[in-house]
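>>> After the sequence you'll find the predicted model.
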Amino acid sequence: MTEHLFACYILAVYILFVKLPESRFLRQLQPDFQTHVTLADEGYFTLGYSVVRGEESYVWNGLKRGGDQRHPVFLFQHTLSGFGIFEAEGKIQHVPTGNAFCAGIPGPHLYRNSPDCKVWTFFWIMARHPYMVSRLINRSNLVGAVIESGVDSPVIRSATALFFELGEGTDKYDAEAALIRWMLELERLAFRERHPEKERECLLQRTKSQVLARIERFIAVDELAHEHGMSRSNFTHHFLRVTGLSPAAFIRDLRLREAIRLMGVRTLSVKEIAAQTGFANTNHLCKCFRARFQISPGVYRRSFH
């Protein structure tokens with residue numbers, strides 16, 4: 001067993017049986033620890049843990065690091081103690097303990113240490129994975145942003161798990177699966193920050209009640225917008241901002257779910273179900289049903305009821 005694998009084994013035993021918190025586990029790594037993992041589909045990710053002191057010169061400019069704009073790299077850097085400075089889009093932001101910044105490389109950003117912080121400790125993940133980067137790089141509240149990512153958050157727990165996917169002989173698919181799980185937790189965090197849960201649930205529940213109260217007839221977005229005291233355009237933008245969904249798609253899904261419920265009533269024909277759920281006719285229901293579930297209402301009914 002190599003020295004690196006033996007160290008990972010000891011750390012794994014410690015965290016599993018002594019229940020060492022993830023943040024303390026990360027601090028067990030040696031300063032300037034770094035490792036590189038090749039993935040199955042021509043991708044890779046690199047992990048590192050660093051300790052930077054205030055008197056040291058630590059500066060990274062995202063436009064002077066090389067790289068290919070056609071194949072960008074995604075960077076996530078989480079502060080374990082102290083703080084660093086992240087500059088993007090004309091804003092200078094502190095990255096304190098329990099926070100992280102995200103950036104695309106190459107990209108118009110700069111991050112550095114501060115002489116006002118005696119010791120800044122952090123870990124980072126740098127990934128080049130075509131599928132993952134294409135999903136994360138366009139999220140405006142991630143790239144170029146500082147986000148809160150406490151040590152007990154799913155994002156940090158899944159990031160910690162990546163350290164257990166390293167070493168010689170690591171299965172590339174297991175490593176990639178761990179990276180994707182981390183990506184999904186990061187996306188979940190970004191979604192919740194962009195769409196606060198309480199406001200989101202209130203708006204969804206109110207809209208759901210409005211639609212179900214008159215499910216048998218077609219309800220245009222304009223009608224809901226009027227009831228919310230907004231124009232169609234303003235309501236659509238508001239609904240999308242708060243929920244991450246378009247109001248038209250949400251209404252259509254409510255109708256389809258109600259149609260599925262009614263398919264359990266064997267005495268109702270598909271035509272009658274369409275009429276009772278606000279679809280213009282049977283063809284309209286079938287078209288929407290197939291587009292959403294890739295199966296016709298008739299086949300669905302025979303298969304599941």
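Alright, I've got the coordinates. Residues are numbered from 1 along each chain as shown.
>>> Distance of His109 relative to Gly66?
Distance check for His109 against Gly66: by CB to CB, to the nearest Å, it reads 15 Å. The C-beta positions use only the backbone N, C-alpha and C, and glycine is treated the same way.
>>> More neighbours: those two, which one.
Higher neighbour count among His109 and Gly66: His109, with 21 against 7, using other CB atoms under 10 Å.
>>> Quick check: bridge partners of that one?
Following DSSP bridges, His109 is listed with bridge partners Ala88.
>>> Might you report the residue contacts of it?
Contacts for His109 (CB atoms under 8 Å, 6 or more residues apart in numbering) come out as Asn61, Gly62, Phe86, Glu87, Ala88, Ala103, Gly144.
>>> pLDDT score for the fifth one?
Think Ala88. Here the pLDDT value assigned to Ala88 is 92.
>>> now swap in the first one and tell me
Among the per-residue scores, Asn61 holds a pLDDT of 94.
>>> So it versus Gly82, what's the distance?
Separation of Asn61 from Gly82 (CB to CB) stands at 21 Å.
>>> Between the two, which has more neighbouring residues?
Taking other CB under 10 Å, Asn61 and Gly82 do not tie; Gly82 has more neighbours (21 against 14).
>>> Look up phi and psi at that one.
phi 80, psi -150 (degrees, to the nearest 10).
>>> didn't it look like it was pressed against Gly98?
No - counting by CB atoms under 8 Å, Gly82 stays clear of Gly98, with 11.4 Å between them.
>>> Quick one: the strands in the stretch 1-150 of the chain, in order.
Remark: strands assigned in the stretch 1-150 of the chain by DSSP state E, counting those that start in this stretch are 33-38, 44-53, 59-61, 73-81, 83-88, 91-96, 99-105, 109-112, 119-128, 145-148.
>>> ok, and for the fourth one, which residues are buried?
Spelled out, that is strand 73-81. Val73, Phe74, Leu75, Phe76, Gln77, His78, Thr79, Leu80 (16 or more other CB atoms under 10 Å).
>>> Could you find the closest non-adjacent residue to the last one?
In this structure, Leu80 finds its nearest non-sequential neighbour in Thr121, 4.6 Å apart by CB to CB, 6 or more residues apart in numbering.
>>> need the contact list for Leu212.
Leu254, Glu258.
>>> How much space separates it from Arg206?
On the measure of CB to CB, Leu212 and Arg206 end up 11 Å apart.
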